[in-house]
Each structure stands twice: as C-alpha cells, then as structure tokens.
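Enquirer: Return atomic coordinates for the entry below.
(chains A and B)
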Amino acid sequence: MVIHAPTRLLLPAALTREIEQHAGASYPHECCGVLIGTGGAAMMIESVHQVRNQRAGRCRDRYEVDPREILRLDRYAEERGQEIIGFYHSHPDHPATPSHTDQAHAWPGYVYVIVSERTSGAVEIRAWVYDDTLKAFGELPIECEETSRPIAWTVADSEVR
Amino acid sequence: MPVKVRIPTPLCSVTGNQTEVLAEGATVRALLADLEARYPGVRARLYDEGGKLRRFVNLYVNDEDVRYLQGEQTALSDGDELSIVPAVAGGCSGQDGAK
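Expert: As a prediction, this is how the structure comes out:
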C-alpha cells in the first residue's frame, strides 16, 4: 500500500444511499460503519460495512466502533487486495462537520465520512481527513456516481442498542 | 522468533507504507520494543509521555485483546500475529455552532 495525500473520494451513489439509509434508520441515534476500498490520490470506496455503535449509553451524540470489527474487516479487505479507507458516522440534527469529539479521536490517514440527518429528512454527506501536523480536519471532495458494478455488503449488527 | 505485526493505516507512514511487518520478542512488550528499533517512531504513536500504552490503541494477539490476557506481558509464540488496531470513535457531542 502506498500512502498518497488524497484529493478526492469516489463514492458510488448506491453506497451513498446505503450510508444515508443507515443514518435514517438509526435516527435519532448515531450510526457508524467502515469504508473499504483502494487508496491513492483518488480514494475509491468499494464497499461499506455497517457496524454496531458501541456507545450504548451516549448513542445520541457519540459513536464508537468495536475494534474486533475493525480487525475482522481489515482481514476482509486484505483478502480482496483492498484496505480500510476510513469510517462513516452520522450527526443527528447536527452539521456534517467534525466536532471537537471527532477531532479528539481522529487518526491521520483515514477518511471520515459524516452524514447529517435532520428531523425534516434532509441529509448532507461530507468527507474529511485529519492533518496531524496542522491538528485540523480538511474537507475531501466527494465524487458520487452511479455504477452498475456489484456491491459487496456485510451487515453486522446495525441496531443501536 | 519472528511474529507478524499488522500495521493500521495511521502508522504506515512510520513503517515505509507496509501494512504487515515482522518483529521479534517473547512478549508483546519486547516485540513492540523491537518494532521501535526497526521502525523508529512507532513507540511515540503507541505510548504516551508517561510510558503507558495509549487508551486509543488496541493490541490483539491473534483474536484476543491483550487487556484480557496478560497485557504487555502476554507471551508470544512462533506463528502468532499481533494486530495494532486503532480505537475509532467520536460523535456530534462538542459540535460548534447551532443545530
């Protein structure tokens, strides 16, 4: 794997819809998932994987991914010659911009997709990368396109408990 | 006794972009010390200034979290795999601005 500073995120429309549907189904709680694909200047998402939000007591405004799921999906990606590109989570009734909590937990090298879900049903989805030197997030433009390619899916436990 | 170490993306800048490397050690602690000798800079990512493993770093020997084994004293055998898994968390708590 070669690390490039990403300049854009290629996210097929079908996967965008799945992330939005996950956010909608979890509302008013936060949902989270793992993005798998190939890296490079243009990061290509090949599959998205719902995982359970571990922050059961704070799931309205916090999320945490089970590290065992990260390990499992890292192996899944490796078997396909891919990698974990990053993660997504929702911000119910809040903007699709990183919070202080997001920044406190951010890792450089991953893409963080945030989907804002409102009571009105309005949805906004944006992608971010964390710069460890600047100690700040920068936005990564999303290119969302329709695709006829088959999409791999695994669903763990998407219910927020 | 080389042990395979899985390196997460955030640490790949230290390992020359390798996602898997080999290191040696009879325990997790010894292995991480050897990893630092081979790839200087790893330790600063894994340990805090007080020399304690960072809270946001998980270590798995095969499929077991070392916190539920013997921590950094967990013994390693030939063929084991150590995975460094970052904790991924956050949320809209602490968000600037109005809703």
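
Enquirer: quick one, strands of the chain?
Expert: Assuming you mean chain A. Counting by DSSP state E, chain A has strands at residues A:8-12, A:32-38, A:42-51, A:63-65, A:83-92, A:111-117, A:123-131, A:136-140, A:142-145, A:152-155.

Enquirer: you looked at the wrong chain, it should be chain B
Expert: So, for chain B - with DSSP E - the strands run B:2-6, B:20-24, B:57-61, B:64-65, B:81-86, B:88-90.

Enquirer: do you know which of these lies nearest residue A:137?
Expert: strand B:88-90 (10.9 Å; C-beta to C-beta). Every residue, glycine included, has its C-beta placed from N, CA and C.

Enquirer: Each with direction, which strands does the closest one pair with?
Expert: Here strand B:88-90 has these sheet partners by DSSP bridges: strand A:63-65 (antiparallel).

Enquirer: how much distance is there from the partner strand to the middle of the chain?
Expert: Here strand A:63-65 is found 11 Å from its chain centre; the criterion is C-alpha atoms, centre = their mean, to the nearest Å.

Enquirer: Just give me the residue right at the centre of the chain.
Expert: Chain wasn't specified; assuming chain A. Most central in chain A under C-alpha atoms, centre = their mean is residue A:88, positioned 1.7 Å from the mean C-alpha point.

Enquirer: Wait, chain B was what I had in mind.
Expert: In chain B, the residue lying closest to the centroid (C-alpha atoms, centre = their mean) is residue B:84, at 3.4 Å.

Enquirer: that older thread, quick check: which of the strands of chain B is buried the most?
Expert: Comparing these by mean neighbour count (mean count of other C-beta atoms under 10 Å in any protein chain shown), strand B:88-90 comes out on top with a mean of 26.

Enquirer: What's the per-residue pLDDT of the residue nearest to the centre of chain A here?
Expert: Note on residue A:88: pLDDT of 98.

Enquirer: Also residue A:1?
Expert: 45.

Enquirer: now do residue B:1
Expert: 73.

Enquirer: next one: the one 3 residues further on
Expert: Note on residue B:4: pLDDT of 96.

Enquirer: Mind putting the strands of chain B into CSV with distance to residue A:143?
Expert: Formatted as CSV, these follow (distance: least, C-beta to C-beta, whole Å):
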stretch, distance to residue A:143
strand B:2-6, 30
strand B:20-24, 30
strand B:57-61, 33
strand B:64-65, 38
strand B:81-86, 26
strand B:88-90, 24
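
Enquirer: how about those, which one is nearest residue A:116?
Expert: Comparing the strands of chain B under C-beta to C-beta, the one sitting nearest is strand B:88-90, at 13.9 Å.

Enquirer: List the contacts of the closest one.
Expert: Residues from elsewhere that reach strand B:88-90 (C-beta atoms under 8 Å, 6 or more residues apart in numbering or on different chains): A:32, A:55, A:62-65, A:67, A:70, A:87, A:89, A:98-99, A:101-107, A:110, A:112, B:56.

Enquirer: same thing with stretch A:130-146?
Expert: Contacts of stretch A:130-146 (C-beta under 8 Å, 6+ apart): A:6-14, A:16, A:42-43, A:97-98, A:102-103, A:106-108, A:110-113, A:125-129.

Enquirer: gap between the lowest-mean-pLDDT helix or strand in chain B and the chain center?
Expert: Ranking every helix and strand in chain B by mean pLDDT, DSSP states H and E puts helix B:42-46 at the bottom, with a mean of 92. How far helix B:42-46 lies from its chain's middle: 8 Å, per C-alpha atoms, centre = their mean.

Enquirer: excluding its backbone neighbours, what's nearest the residue nearest to the centre of chain B?
Expert: Once flanking residues are discounted, residue B:84 sits nearest to residue B:8: 5.6 Å by C-beta to C-beta, 6 or more residues apart in numbering or on different chains.

Enquirer: my guess is the one you found contacts residue B:85, does it?
Expert: Yes - between residue B:8 and residue B:85 a contact is recorded at 6.4 Å, counting by C-beta atoms under 8 Å.
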